[in-house]
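below are the sequence and a predicted model for it; my questions follow.
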Amino acid sequence: MKSIKNLSILILFLIFCSCNEKVWNEEPKPNGIWEQIGYGNIIELNDTIISVYNVSKQDCYLSFEEHILDFGKVKNYSKDTLSIQHGNDDWLFTRLEKLPNLCTTTSELKNDPKHNFQVFWDTFNEHYASFEIKNINWNKVYNQYEPKISDYTTDLELYTIFREMIALLNDGHVEMEVPEEIENDFKNQIDKPREKYSKLDEFNLNKEIAALYVDSLNNYNAGMLRYGLISENIGYVQINSMLMLADYGLEKNLGLRNFYNHYWKKAENRKDEIQRQDEVDGINTILDRIIEELAGAKSYILDIRFNGGGKDAVALAILNHFSDEEKIAYTKKARVENGFTNPQKIKIIPSKNNFKGNVYILSSHLTSSASEILVLASLVNTNFKRIGATTEGIFSSTLDKKLPNGWEYELSNEVYEDVKGRNYENIGISPDYQLEYSKNKDDFLDQLSNDLKDRKDNAIELVIEIEKEQSEK
């Protein structure tokens, strides 16, 4: 009887220990409220659903809700910290006990001009990364414009003030989107010079350049990418966007306008993370094909003179095809109110099918944003040379925000630096071989058009000349 009692006690003890061990060793769940380090976001994670709140000192609103896999991938988490991979970025979060009161109460100041001005100014004050580089005193900007706002300020007047503040920054990654009627009223009160060249004119011009040098020119996605072989066994790849490169099986002969409409109908049905991967998969597939088809190429030209950007991940995927060593390409960090987040190290990871010879990047002042990431990352590769003109100098990804009145805007909140710690924001990256390209878009395209009349392109001719000199050594 005693032995049975002792056995029962032992069993109960073991059960108690195993239960406690299970509770003690159980990993904390990522569910709960998390504040992002930098970026001004708070998320609420409930199993697979994520709610994202946009937060400033004066305002908080629910921005969107979606499945966590559409937002990013949970990399790791503990009781107090969470890491989510979003594209190439690792976003870090710290746990909050509850949502701030601002996020749970309805503001009566939604359409108040003073309140909207304050939220706008605060957001830049907390997150904009380049005030010092641009020599802008944001407090002085506040003192200049805040007295102009009253309870009777109209939407047009408020938008005009915001546009003036944005213009001071001279930053291609700072924009605002307002209802169409307000935008039209604003345009009617200013005299904006018309550009000589339309987007279609630009596309026709860069196609003429490619066709002049490539006998059998191949087009992908209505000319978003063109490629072929030119003299001296030089592979030529003209990449006109770091977007619209996914393979959605569209007709090959679609004109630019029809392609654009059909493409975005397909893309808009894809969630953000999936759509981003579609773009990367698309560029990987076409570059694998190009390197295989142009097997005789001894060197390559990557022409991004007309490339206004898109996805950083696409730029890195391109570089991966022309690299044979894994290495850190650059770092990036995001602005927080009193400093920056810890830098993320962005790596080149060579593709299985990669080219190891000389590569020449052609750039201009139109080369901006994600296309500049390609130029920036190429600085660590000794097989790359850059020809043309200094890039525009807008590297940061855009931080999307919304005012209480519903107006959407975006700003630059990040700093990209090369491996030596140099920041090219507002400066651009200068080429190894400088050509006298104009910074004015119309004048630059005029230069190229005039050269075409003489059956030449100075940048491509220079590559051919350099390659000839090297082969003769």
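Now that the structure is in, tell me what you want to look at.

and the lowest mean pLDDT element among the helices and strands of the chain?
Sorted by mean pLDDT, DSSP states H and E, the helices and strands of the chain end with helix 2-25, the least confident at a mean of 41.

next secondary structure after that one?
Downstream of helix 2-25, the first helix or strand assigned by DSSP states H and E is strand 32-36.

what's next to that following strand, contact-wise?
The contact list for strand 32-36 (CB atoms under 8 Å, 6 or more residues apart in numbering) reads 41-45, 55, 82, 91-99. Backbone N, C-alpha and C define where each C-beta goes, glycine included.

can you flag the buried ones in these?
Buried residues within the contacts of strand 32-36, counting neighbours by 16 or more other CB atoms under 10 Å: 41-45, 55, 82, 91-93, 95, 99.

of the residues you listed, which is the nearest to L366?
Checking the buried ones among the contacts of strand 32-36 against L366 by CB to CB gives W91 as the nearest, at 30.5 Å.

which secondary structure state is assigned to the residue nearest to that closest one when sequence neighbours are not counted?
Closest residue to W91 in three dimensions, ignoring its sequence neighbours and counting by CB to CB, 6 or more residues apart in numbering: I84, at 4.8 Å. Per DSSP: H, G, I helix; E, B strand; the rest coil, the local secondary structure of I84 is strand.

tell me the pLDDT of I84.
Model confidence at I84, given as pLDDT, is 94.

neighbours around it, how many?
Counted by other CB atoms under 10 Å, the residues lying close to I84 total 23.

so how far is E268 from Y248?
11 Å (CB to CB, to the nearest Å).

between these two, which one's more packed in?
Y248 (16 against 9).

who are the contact partners of the more buried one?
262-263, 266-267, 278.

recalculate using a threshold of 10 Å.
By CB atoms under 10 Å, 6 or more residues apart in numbering, the contact list for Y248 reads 221, 262-267, 269-270, 278, 282.

equivalent analysis for L366, please.
202, 304-309, 388-389, 391-392, 437, 439, 441, 444-445.

got the phi/psi numbers for it?
Reported as degrees, to the nearest 10, the phi and psi values for L366 are phi -80, psi -20.

do the same with N46
phi -130, psi 90.

which residue comes closest to it once chain neighbours are left out?
In space, and not counting its chain neighbours, N46 is closest to N31: 5.8 Å by CB to CB, 6+ apart.

hey, where'd the helices end up in the stretch 101-250 of the chain?
101-104, 113-127, 138-145, 155-169, 180-188, 199-213 (DSSP state H, counting those that start in this stretch).

and L92, helix, strand or coil?
Assigned with three-state DSSP, L92 falls in the strand class.

could you find the closest non-adjacent residue to it?
Beyond its immediate neighbours in the sequence, the residue positioned closest to L92 (CB to CB, 6+ apart) is I37, lying 4.6 Å away.

tell me the pLDDT at that neighbour?
Looking at I37, its pLDDT is 95.

distance from the chain centre to stretch 270-277, please.
Its chain's C-alpha centre and that of stretch 270-277 lie 14 Å apart, by CA atoms, centre = their mean, to the nearest Å.

neighbouring contacts of that stretch?
Here stretch 270-277 has contacts from 64, 66-73, 85-88, 243, 246, 248, 266-269, 278-279, 311-314, using CB under 10 Å, 6+ apart.

and that stretch, what's buried?
Of the residues in stretch 270-277, those buried (16+ other CB under 10 Å) are 270, 273, 275-277.

next: stretch 126-142.
In stretch 126-142, counting by 16+ other CB under 10 Å, buried: 126-131, 136, 141-142.

want to try CSV for these, with pLDDT as columns?
Converted to CSV, those look like this (pLDDT from 0 to 100):
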residue, pLDDT
E126, 95
H127, 96
Y128, 97
A129, 97
S130, 96
F131, 97
I136, 97
V141, 98
Y142, 98
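
regarding this structure, what is its longest strand?
strand 327-336 (DSSP state E).

downstream of that one, the next helix or strand is which one?
Downstream of strand 327-336, the next assigned helix or strand under DSSP H and E is strand 339-340.

what packs against the helix or strand following that following strand?
Past strand 339-340, further along toward the C-terminus, the next helix or strand under DSSP H and E is strand 344-348. When contacts are defined as 3 or more CB pairs under 10 Å, 6 or more residues apart in numbering; DSSP states H and E, strand 344-348 sits against strand 89-96, helix 312-320, strand 327-336, helix 370-378.

low-confidence ranges in this structure?
Judged against pLDDT under 70, the low-scoring parts of the chain cover residues 1-28.

residues touching the residue nearest the centre of it, list them.
Geometric centre of the chain, nearest residue: S397, 4.2 Å, by CA atoms, centre = their mean. Shown in contact with S397 (CB under 10 Å, 6+ apart): 87-89, 173, 311-312, 332, 334, 369-370, 373, 410, 412-414, 416.

can you check A370 too?
A370 sits in contact with 241-243, 304, 307-316, 394-395, 397, where contact means CB under 10 Å, 6+ apart.

now, of the contacts of stretch 270-277, which are buried?
In the contacts of stretch 270-277, the ones that pass as buried (16+ other CB under 10 Å) are 68, 71-72, 87-88, 243, 246, 248, 267, 278-279, 311-314.

surely T48 and I68 touch.
Yes - using CB atoms under 10 Å, T48 is in contact with I68, at 5.3 Å.

S430 contacts T390, doesn't it?
Yes - assessed by CB under 10 Å, S430 is found in contact with T390 at 4.8 Å.

neighbour-wise, which of these two wins?
The neighbour count for S430 versus T390, taken as other CB under 10 Å, is higher for T390 (20 against 15).

with adjacent residues omitted, what lies nearest to the more buried one?
Nearest in space to T390, with sequence neighbours left out and distances taken as CB to CB, 6+ apart, is G428 at 4.1 Å.

F203 touches N240, doesn't it?
Yes - F203 is in contact with N240 according to CB under 10 Å; the separation is 7.2 Å.

of those two, who's got more company?
For F203 versus N240, the count of surrounding residues by other CB under 10 Å is larger for N240: 25 against 18.

against S323, how distant is that one?
Distance from N240 to S323, by CB to CB: 22 Å.

and for E175?
According to CB to CB, E175 stands 33 Å off from S323.

W121 too?
43 Å.

what of R455?
The separation that R455 has from S323, given CB to CB, amounts to 34 Å.

so between the two, which is more surrounded?
More crowded of R455 and S323, by other CB under 10 Å: S323, with 25 against 7.

for that one, what are its contacts?
Counting by CB under 10 Å, 6+ apart, S323 makes contact with 316, 329, 348-351, 354-356, 359, 377-378, 380-381, 383-384.

ok, now S351?
284, 287-288, 291, 317-324.

closest to N450 among those residues?
Checking the contacts of S351 one by one against N450 (CB to CB), the nearest turns out to be I318, at 29.6 Å.

hmm, the closest one is touching G310, no?
No - with contacts counted by CB under 10 Å, I318 stays clear of G310, the gap being 11.1 Å.
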